[in-house]
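In: From the sequence below, what's the structure:
(one chain, ligands or ions: 1)
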Amino acid sequence: VGGPAMLASQKDFNNAVSQVKLLKEDPGNEVKLKLYALYKQATEGPCNVPKPGMLDFINKTKWDAWNALGSLSKEAARQNYVDLVSRLSASSESPSPEAPAADRKQPESDSLVVTSEDGITTIRLNRPAKKNALTTQMYHDIIAALQAASKDESAITVLTGSGDYYCSGNDLTNFTHLPAGGLEEMARSAAALLRDFVNCFIDFPKPLVAVVNGPAVGISVTILGLFDVVYATDRASFHTPFSHLGQSPEGCSSYTFPKIMGSSKAAEMLLFGKKLTAQEACAQGLVTEVFPDGTFQKEVWARLKAYSKLPPNAMRISKQIIRNREKEKLHAVNAEESSVLRERWQSDECMNAIASFLSRKAKL
Ligand SMILES: CCCC/C=C/CC(=O)SCCNC(=O)CCNC(=O)[C@H](O)C(C)(C)COP(=O)(O)OP(=O)(O)OC[C@H]1O[C@@H](n2cnc3c(N)ncnc32)[C@H](O)[C@@H]1OP(=O)(O)O
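Out: Alright, predicted model coming up:
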């Protein structure tokens, strides 16, 4: 998806190692620890040396930082090291510390806005005139934004929407741009994109928060089961009209929804398209907390800013413990859901439903 970004070379890495020694300002212990861990990972690979004893405090702290990088590849660690040094060099030359996302590759279109501030990377769906419906380009951009956020300096990542909707799900006109290979090829490439997109949520290593600023439809609802926390305005609703569209569940919801809310509540949503209010979604465990619309943004962001000051490694590790044993299962579910949808998208039921929406005969 989108092709892998070019990773830093050994020469870039060696230059960065020399550059660290020339930094004008001491970057502080936390950053030095991160540099140490990345250096070890880049040169020796994952930590497999014995853990120092409790009283060997300094070496134990260093070991913890290295070990927290888990199975990060040598190449990715080298890239992260080079990025970190380049940020440190830039900030020791310029007085502006508020640009942690300046080196982030910006999305290809204005329909997605990615910012990083106060330890929070925010990915904002920005197509309010179309209720933030997800175009093919937006899926690619969200994948890239999540990949960048997983490596940046922020502690927490947030997905939210601009305007009155959170997201109206897949842009139904995505299905009207038939490639040369016809419907079959369209369904194949959409299924591959869906699988990559959902995999990024399954694998995302940091706390991931949905700030649901309005109604949510389709895939924007199903992936909520892969978020760590979901805050919603009391104006939000949660709608998965798959049967109406001749489609079937995705985003691992066929597994996460029954687990979260019990099989019969999940079936009412996923089979019959029952739309939940924010309060109902909260009572069923899909939403963490509902806020009055008037104070939603203020209350939620104040809370997230406070959470973003918590030790980031502790949050990552806690997330790993909570989620890791499920990962294999989730990847299998995602693969199955994507493959079933590949068939569904070629069905008459689905084509008729989409044609009906596009010709304005039906609204959900
Ligand atoms: C490759 C991965 C594929 C993953 C598959 C995922 C499956 C899903 O996500 S299924 C869910 C698909 N979504 C829908 O079916 C929602 C369709 N939209 C609606 O029913 C309504 O637009 C609404 C209930 C969301 C909002 O109704 P409202 O009356 O308030 O506003 P509208 O005038 O209808 O919308 C404004 C504007 O936005 C366009 N639009 C809204 N949603 C979509 C959409 N999902 N796809 C394409 N376009 C959408 C709508 O057509 C209007 O456009 P115009 O102003 O140009 O008429």
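
In: When you work out contacts or count neighbours from here on, use the C-alpha atoms and nothing else.
Out: OK.

In: Near the ligand, which residues of the stretch 51-200 of the chain are found?
Out: 129-131, 133, 168-173, 190, 193-194 (CA under 6 Å from any ligand atom).

In: where's A65 relative to the ligand, distance?
Out: To the ligand, A65 is 37 Å away according to CA to the nearest ligand atom, to the nearest Å.

In: That residue is in contact with K34, isn't it?
Out: Yes - the pair A65 / K34 is scored as a contact, 6.7 Å apart, by CA atoms under 8 Å.

In: Who has more neighbours out of those two?
Out: A65 (21 against 18; other CA atoms under 10 Å).

In: Distance check, that one against N29.
Out: From A65 over to N29 the distance is 12 Å, taken as CA to CA, to the nearest Å.

In: my read is A149 is in a helix, agree?
Out: Yes - according to DSSP: H, G, I helix; E, B strand; the rest coil, A149 belongs to a helix.

In: Could I get the contacting residues of it?
Out: Shown in contact with A149 (CA atoms under 8 Å, 6 or more residues apart in numbering): T121, T157.

In: Relative to the ligand, how far out is it?
Out: 21 Å.

In: Secondary structure element holding Q279?
Out: Q279 is located in helix 278-283, with elements delineated by DSSP states H and E.

In: The stretch 201-350 of the chain: strands as residue ranges?
Out: Here the stretch 201-350 of the chain has its strands, by DSSP state E, counting those that start in this stretch, at 208-212, 216-217, 229-233, 237-239, 276-277, 289-291.

In: between those strands, which gets nearest to the ligand?
Out: Each of the strands of the stretch 201-350 of the chain has some distance to the ligand by CA to the nearest ligand atom; the shortest is strand 216-217, at 5.5 Å.

In: buried ones in the worst-scoring helix or strand of the chain on mean pLDDT?
Out: Using mean pLDDT, DSSP states H and E, the weakest-scoring helix or strand in the chain turns out to be helix 74-93, at a mean of 81. Using 16 or more other CA atoms under 10 Å as the test for burial, helix 74-93 gives 74-89, 91-92.

In: For that helix, give me every contacting residue.
Out: 7-8, 10, 12-13, 16, 19-20, 23-25, 27, 35, 38-39, 41-45, 97, 100, 151.

In: Whichever of those end up buried, select them in PyMOL.
Out: Selection of buried members from these for PyMOL, criterion 16+ other CA under 10 Å:
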select buried, resi 8+13+16+20+23+35+38+39+41+42+45+100
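
In: Tell me which entries of the contacts of helix 74-93 lie within strands.
Out: When DSSP state E defines the strands, the subset of the contacts of helix 74-93 inside them is empty.

In: Low-confidence ranges, the stretch 151-300 of the chain, go.
Out: For the stretch 151-300 of the chain, no stretch is flagged by pLDDT under 70.

In: mind listing the helices in it by residue range?
Out: Along the stretch 151-300 of the chain, the stretches classed as helices by DSSP state H, counting those that start in this stretch are 182-203, 219-222, 253-261, 263-270, 278-283, 296-307.

In: Tell me which of those helices sits most buried.
Out: Mean neighbour count (mean count of other CA atoms under 10 Å) peaks for helix 219-222 among these, with a mean of 24.

In: what residues does it touch?
Out: 167-170, 238-240, 249-253, 257.

In: on that earlier part again, please check the residues of the stretch 51-200 of the chain next to the ligand and keep the buried ones.
Out: Buried, going by 16+ other CA under 10 Å: K131, A133, S168, G169, N170, D171, L172, A190, L193, L194, out of those.

In: For the residues you listed, could you give me CSV that also reports distance to E343?
Out: Putting those into CSV (distance: CA to CA, whole Å) gives the following:
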residue, distance to E343
K131, 27
A133, 22
S168, 23
G169, 19
N170, 17
D171, 19
L172, 17
A190, 11
L193, 15
L194, 13
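
In: how distant is stretch 33-44 from the center of its chain?
Out: Here stretch 33-44 is found 25 Å from its chain centre; the criterion is CA atoms, centre = their mean, to the nearest Å.

In: Residues contacting it, please?
Out: By CA under 8 Å, 6+ apart, stretch 33-44 touches 47, 62-63, 65-67, 69, 72-78, 80-81, 84.

In: tell me the mean pLDDT for the longest helix along the chain?
Out: Longest helix in the chain, counting residues (DSSP state H): helix 312-344. Mean pLDDT, helix 312-344: 96.

In: which strands and helices sit next to it?
Out: Identification of packing neighbours for helix 312-344 by 3 or more CA pairs under 8 Å, 6 or more residues apart in numbering; DSSP states H and E yields helix 182-203, helix 253-261.

In: What I need now is those helices written out in TSV, including distance to L304 for each item.
Out: TSV is the format used below for these (distance: least, CA to CA, whole Å):
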stretch	distance to L304
helix 182-203	19
helix 253-261	23
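
In: Identify whichever of those lies nearest to I142.
Out: helix 182-203 (7.8 Å; CA to CA).

In: chain center to the closest one: distance?
Out: 16 Å.

In: Give me the angle between it and strand 208-212.
Out: Per axes from the mean of the first three to the mean of the last three CA atoms, to 10 degrees, the angle that helix 182-203 makes with strand 208-212 is 120 degrees.
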